[in-house]
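below is the sequence, then the predicted model.
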Amino acid sequence: MGTDVHELLGDEAESLLNHKAEAFPSDRLVLPGPDFIDRVFVSSDRPIAVLRNLQAMFGHGRLGGTGYLSILPVDQGIEHSAAASFSKNPAYFDPEAIVELALAADCSAVATTLGGLGIVARRYAHKIPFIVKLNHNELLTYPARPDQVPFGTVRQAVDLGAVAVGATIYFGSEESTRQLREVSEMFAEAHRAGLFTVLWCYLRNPAFSTPEADYDLSADLTGQANHLGVTIEADIVKQKQPVNNGGFTALKFGRTDPLVYDKLTTAHPIDLTRWQVVNCYAGRIALINSGGESKGASDLAQAVRTAVINKRAGGTGLIVGRKAFQRPMDDGVALINAVQDVFLDPTIQVA
Amino acid sequence: MGTDVHELLGDEAESLLNHKAEAFPSDRLVLPGPDFIDRVFVSSDRPIAVLRNLQAMFGHGRLGGTGYLSILPVDQGIEHSAAASFSKNPAYFDPEAIVELALAADCSAVATTLGGLGIVARRYAHKIPFIVKLNHNELLTYPARPDQVPFGTVRQAVDLGAVAVGATIYFGSEESTRQLREVSEMFAEAHRAGLFTVLWCYLRNPAFSTPEADYDLSADLTGQANHLGVTIEADIVKQKQPVNNGGFTALKFGRTDPLVYDKLTTAHPIDLTRWQVVNCYAGRIALINSGGESKGASDLAQAVRTAVINKRAGGTGLIVGRKAFQRPMDDGVALINAVQDVFLDPTIQVA
Amino acid sequence: MGTDVHELLGDEAESLLNHKAEAFPSDRLVLPGPDFIDRVFVSSDRPIAVLRNLQAMFGHGRLGGTGYLSILPVDQGIEHSAAASFSKNPAYFDPEAIVELALAADCSAVATTLGGLGIVARRYAHKIPFIVKLNHNELLTYPARPDQVPFGTVRQAVDLGAVAVGATIYFGSEESTRQLREVSEMFAEAHRAGLFTVLWCYLRNPAFSTPEADYDLSADLTGQANHLGVTIEADIVKQKQPVNNGGFTALKFGRTDPLVYDKLTTAHPIDLTRWQVVNCYAGRIALINSGGESKGASDLAQAVRTAVINKRAGGTGLIVGRKAFQRPMDDGVALINAVQDVFLDPTIQVA
Amino acid sequence: MGTDVHELLGDEAESLLNHKAEAFPSDRLVLPGPDFIDRVFVSSDRPIAVLRNLQAMFGHGRLGGTGYLSILPVDQGIEHSAAASFSKNPAYFDPEAIVELALAADCSAVATTLGGLGIVARRYAHKIPFIVKLNHNELLTYPARPDQVPFGTVRQAVDLGAVAVGATIYFGSEESTRQLREVSEMFAEAHRAGLFTVLWCYLRNPAFSTPEADYDLSADLTGQANHLGVTIEADIVKQKQPVNNGGFTALKFGRTDPLVYDKLTTAHPIDLTRWQVVNCYAGRIALINSGGESKGASDLAQAVRTAVINKRAGGTGLIVGRKAFQRPMDDGVALINAVQDVFLDPTIQVA
Amino acid sequence: MGTDVHELLGDEAESLLNHKAEAFPSDRLVLPGPDFIDRVFVSSDRPIAVLRNLQAMFGHGRLGGTGYLSILPVDQGIEHSAAASFSKNPAYFDPEAIVELALAADCSAVATTLGGLGIVARRYAHKIPFIVKLNHNELLTYPARPDQVPFGTVRQAVDLGAVAVGATIYFGSEESTRQLREVSEMFAEAHRAGLFTVLWCYLRNPAFSTPEADYDLSADLTGQANHLGVTIEADIVKQKQPVNNGGFTALKFGRTDPLVYDKLTTAHPIDLTRWQVVNCYAGRIALINSGGESKGASDLAQAVRTAVINKRAGGTGLIVGRKAFQRPMDDGVALINAVQDVFLDPTIQVA
């Protein structure tokens, strides 16, 4: 593996690679591993077909058999716009190119829209696990009205050969409880049909962005979003990596406990992300972090950093989209492979 | 049984242990007992499978066969936040620990969330009765909007092997009638599927808290909430123990009768709680009181006091959550066992 | 426990209590025990509700929690006639008396007909697990035509609160394959509805009774019947205890292997019964032996002998009907309790 | 009441009115009475609507509230032919007249065909309980082939406002097991739909009529037919009154017990009929006897005799058809009323 | 790879390894390969989920990704008897050992009975593809009546997490057309549910065994059986390897063409087997040959010979049961691995 993680991490290398997470020790967690399904899902209420589909993903691609995941997600064509998403590399206006990128990078799965997967499903669904993202926030309504709207159904996902459905909830928003009910029903139907469930478990409320900090990325608020997400039986929680803490106290709402800030977390990014893992039933539900937007040359270093933090915090991998598809395909593959290198690197362990 | 009830009750011991409830004598009530299902539910419209599931709970654990119940409830991870609930003993971020606590304390049942029970259902549903709390008030929406939202369905509860579903209604609130309809439909479906029903039968309206008193805890208002709850066929009513009376008259709304205050109740806590029992179809529907929040060292004495009042009033037991899980597991077990001791103590009888 | 097993076994005591089963050692078997469901059924395809119903039976009565079963079966009113079955103790013409006998003897479950359980279901289904025997061979058709006919459906068993359905197949007979299909479909429906399945796994063919021996009771033939029974997902196999071996070779049909007779079994009754256990997926499916017809004074000794053999062979208990109900109720209770004593006796272990 | 029972019984009066049934004493039976539904069906698996329909019949007409029944049955138009049945009083070719007869005689219910009830259902179903006889043996096929064929469905019975469905099984015949399955499924559907079930529980096999006796009317064989009938959840068993005993032994088939003949029955008609009651779950299922064919002038005495025997044996009433409708309506009413007089007569008690 | 194929083939090595199949050249066939699903099934009517399940098998185990298959089949416990099948290595009475053998030998899939897979499904269905053999010829009926009887349903196979169902048809027998209809319906349901289909495509008729030859193993008859099998949409045809030809002409039935014998086949075993491939839609449906019974020391050489012929003829692999499980597990693994070596050996190519 040619990725020089140490160099890419730069000044943070020491801190990120050697940090010992004593605020919430890893021995209290259920950690990723090749036997994760046996340790967790065999004991759960998920039907056997769900276990098989989870294993299909965990066994696929370059991270196959490690217990870690590398997923290519592309829903920005809806969430932002196709123009905004694909103009940097117009090949991806064709969804076949999206699937081909996931294959080229040897990802665990590809997660994209109903239409995008549907139009190439018969040629590819047996080559790489499909996750159908079923709801979206489309930006064409005027004026903009941030909301997640179902674009398809579980039955369509089943029919096109998917292993899972994905959905977003905007926790914190006015629409969150309606979305929660919609997604909960969708997930229940998916489980009965043998598909596992992936929750884009986001915070979204303008009030959460204050001059001091963007608490959409706060460890405590994202942690609680995760706790709500696993309660409706998400099997995989996708969450943005936290960059701060204390959202509850700064925004003066909800309930929390001083112990969170005094004892169970620190300001170290691994400890902040660990709090997200803790809130996924202490690791029983897999946490994957997202790569975030593409900023060009720094993307590789940024993605590797995110991967190191996720892995050492007890997470299960990354879902890297824009950083991968908003550049030439070879570069995208290289970036994804570098992220995978982190999860394959035996010298990088859970903190 | 090592619990020194007399000492724990302190100055109140005499009053609580020897009070004779003459305002509403117990011979007008259907009282708890080993044959409660035979005396009540055989004559009801509940399907036979509901009787079996009720008996599964009444026959389980340390209070098995007494007609009394000791339930471990954990839904504060949603209702408050996981951080606020579990930081004092972070083991409970893992729902397996919640079920293990209920087993260690030899409870009658464990009541928690869909996701929490689901992720360990196949290993535990045959070891201790599961009650799936299906709706919740999540505190992550901003600004806070107190409302109960369904997080799952009866069918999911059936599939994970539950004996019952639980739900909350905030009587008195603007959303109460919508909640009442939702929960009534949920309960009807649960009964048809063979599950019994537990109602968290709460009052919630800012106007109920006056400078004089918190009438959310008033005997007459909670009593009427109970009466509404049993009307939609709750099989178990969970209610906070009353601490005052006269909510209807103080708030000048609804309708009541002077006899309630002049003759049928007194200010004695056992008589106030008895009024709750009376409003549960004179005891045909089981009343369980909740333990309330954890305040540390006084919790044990407080829980035992609540138990004595509940038992002597004609109630069916306690549902003790935070006092039990917001401390080391051994202490939690000891606290729950002390509460059970009250219900096992033959010298403490219905007043 | 007052049962003097040693004395009741008489001359055979030494042989039955001290035999070491070296032909097929017990360490190759999955043996009964308090955690049987965890060791076997958690890994199976049975829904969680099936595990709960199995546990309801394994946890009930005097053998509750031991991993052994003591079941009262009464279907001879159909299989023979009510007159032939109940004249010795006419109280049992009333099915309530049958259920009361099972309760008095503290059995694990009562297995009888649809009508018999149905007419008292609402009063008793929550007091003792019900197994509805769904098909029968009625003897009123003239001339007699030995065949098993469904008298009811899985749905009726569900509605009356049963934990299981039972059915008979007459392996070896002309009708066996039709019965196998009927019962397989019934069992599949029962599992989906959350009920477990009990197979009366009989051999029946006039040709099997030769002047030399009644090969309906042959270890090899009954063993193969068991193997067919577990293939259609019986959860409990009820089989007559074998008294001989070599049915395949004597009758010159089917296929077998000389190793069965030369190495894997001996003529010892424990080894013959072990072969039945071996053929129940090496003990993964519970084998219960039947008590056989009532012969009066010798019944107690006979039942205890059957129990010792079953337990030491690796079986899961007895299902004793006629020996128990064709006498005064107190005597019947005593007989069943004596059988239970064998399974409770820590000095009697798997050979 | 003007019926001189003593005189009508003639020489048999002493024997029939004073017989003490010591072979099978009545204290072992569940006997008819005003609270029969409370004592039996409340404890059963029958839905509440079935209890209501049973009560509608038990509360209707001249025997209303006594626990006894007087039913007018007319299906001979199919079973024999309309010509054979109605030529003696052609008014009954019009089914309205049949219903009017039942009303005039103040019967508990009228039992006739789908078409007969259907054509007047809207005018009468609210005036007298309807029992729809759903299968029939029609005699127009050549050569005759005795078999019961469904002429209608439970749904049709529901739609025309019936309280019950009725059906015949010819036990002992080659077709009996097919009929048993058909009727069992019909009864299960009827119960789910809230209708109770009446079984014409007949024996029919040419071999049962020997030169010595017609064992179709044997106490032991009809008793066993009853036992099979209650097993498929008949709520009312209609059986011909027995005139002999020992069918099993004379025909050398099936299984019985010498105690039946030596101890539990005698040759006395009340004891023979009691054996039928015993085989109806010791009286938990109501036994009604039929009046048999019309023989003219002796019909009244014959019917009264049958009623006395039925009542004293522990039966629940008579179902008198041909004796009532094959004569002028007034005479028919008088005959039915005479039978009712027996059940109203406080001097005639269970033997 | 340590298998010395040349040595194991002995005298036949030259003939088998160098034969050029000119009678029916391979360029007229669709041949196995890593892209087999893309070349064949993408163009078919099979739903996408079927393609995924096929790929799950083709991608699994030691032959994963080669286009070849190595399947462990065990249904002889039913087809012969458990005793006859498992006495040589009694570990396999426990179905977990069967699945463990398939895992140890790194097979593509394991094919066994409903009950055998069901009892371990939740622990293993995500570890190795399951093929549920749904019908069987049980040998316990007396006298023997060779027929295939469904032991379970497609829905049960779906629920236990299978990738496929398997079934046998006895072509040539009296029951063949009934079996053909049953299996055709089963296969259609399987495809709709996303499972692929495996046909045990046997000839069976006593008349086919003549003093001259056993034409059950004739190339022309087995070829036609294959043609019938693919017509009902078998996705995999399992056939015994042919040892002769001319069944149609010798038995003087059916229709054939002299060209078959004169031009399109020779007596060479590869050409005979190629005829079977030709009759599987020219290779579009995969042909796997069975290993046949165990004969001890010669099994390895025999299995390797069968594999060489199958591969060079254009077949897709072997399904080796008895040769593998009727010996110590290590030896069984070694034998299966030797067969796999043939398919992995790049020097052995399609003739």
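Happy to help now that I have it.

hey, let's count contacts and neighbours off CA atoms from now on
Noted.

can you list the residues of chain A near chain C?
A:Val42, A:Ser43, A:Asp45, A:Ile48 (CA under 8 Å from any CA of the partner chain).

with distance to E:Arg305 and secondary structure as extra columns, can I get these in a markdown table?
Formatted as a markdown table, the residues of chain A next to chain C follow (distance: CA to CA, whole Å; DSSP: H, G, I helix; E, B strand; the rest coil):
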| residue | distance to E:Arg305 | secondary structure |
| --- | --- | --- |
| A:Val42 | 41 | helix |
| A:Ser43 | 45 | helix |
| A:Asp45 | 47 | coil |
| A:Ile48 | 38 | helix |
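
restrict these to contacts with chain E.
Filtering these for proximity to chain E by CA under 8 Å from any CA leaves A:Val42, A:Ile48.

show me which of the residues of chain A next to chain C are buried.
Listed as buried from the residues of chain A next to chain C are A:Val42, A:Ser43, A:Asp45, A:Ile48; burial here means 16 or more other CA atoms under 10 Å in any protein chain shown.

so which of the residues you listed is the closest to B:Val149?
A:Asp45 (22.0 Å; CA to CA).

so who does the closest one touch?
Residues counted as contacts of A:Asp45 (CA atoms under 8 Å, 6 or more residues apart in numbering or on different chains) are B:Gly118, B:Ile119, B:Val120, B:Ala121, B:Arg122, B:Asp159, B:Leu160, C:Ile48.

among those, which ones are in helices?
When the contacts of A:Asp45 are checked against helices (DSSP state H), the matches are B:Gly118, B:Ala121, B:Arg122, B:Asp159, C:Ile48.

all helices of the stretch 101-250 of chain A, in order?
Counting by DSSP state H, counting those that start in this stretch, the stretch 101-250 of chain A has these helices, from start to end: A:114-118, A:121-124, A:154-159, A:176-192, A:219-231, A:247-251.

about what we covered before: farthest-apart pair in the buried ones among the residues of chain A next to chain C, please.
It's A:Ser43 and A:Ile48 that sit farthest apart of those, by CA to CA, at 10.8 Å.

shaky segments in the stretch 251-351 of chain A?
Along the stretch 251-351 of chain A, the model assigns pLDDT under 70 to no residue.

give me the nearest residue to whichever residue of the stretch 151-300 of chain A sits closest to chain C, chain neighbours excluded.
The stretch 151-300 of chain A approaches chain C most closely through A:Arg192 (12.5 Å), counting by CA to the nearest CA. Among residues not flanking A:Arg192 along the chain, A:Pro47 sits closest, at 6.9 Å (CA to CA, 6 or more residues apart in numbering or on different chains).

what's the first helix or strand after the helix or strand bottoming out on mean pLDDT in chain A?
Every helix and strand of chain A was ranked by mean pLDDT, DSSP states H and E. The lowest is helix A:76, at a mean of 89. For helix A:76, the following helix or strand on the C-terminal side (DSSP states H and E) is helix A:82-86.

give the buried residues for that following helix.
By neighbour count with 16+ other CA under 10 Å, helix A:82-86 contains the buried residues A:Ser85, A:Phe86.

just the C-alphas of it, formatted as PDB.
These are the backbone C-alpha positions of helix A:82-86, laid out as PDB (Å, rounded to 0.1, in the frame of the first residue of the first chain):
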ATOM      1  CA  ALA A  82     -26.600  17.600 -11.700                       C
ATOM      2  CA  ALA A  83     -24.900  20.600 -13.100                       C
ATOM      3  CA  ALA A  84     -23.300  21.500  -9.800                       C
ATOM      4  CA  SER A  85     -22.300  17.900  -9.200                       C
ATOM      5  CA  PHE A  86     -21.100  16.600 -12.600                       C
END
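
what's it in contact with?
A:Gln76, A:Gly77, A:Tyr92, A:Phe93, A:Arg322, A:Phe325, A:Gln326.

ditto for stretch A:282-299
So stretch A:282-299 is contacted by A:28-32, A:40, A:69, A:230, A:234-241, A:276-277, A:280, A:302-303, A:306, A:310, A:314-323, A:326, B:93-94, B:119 (CA under 8 Å, 6+ apart).
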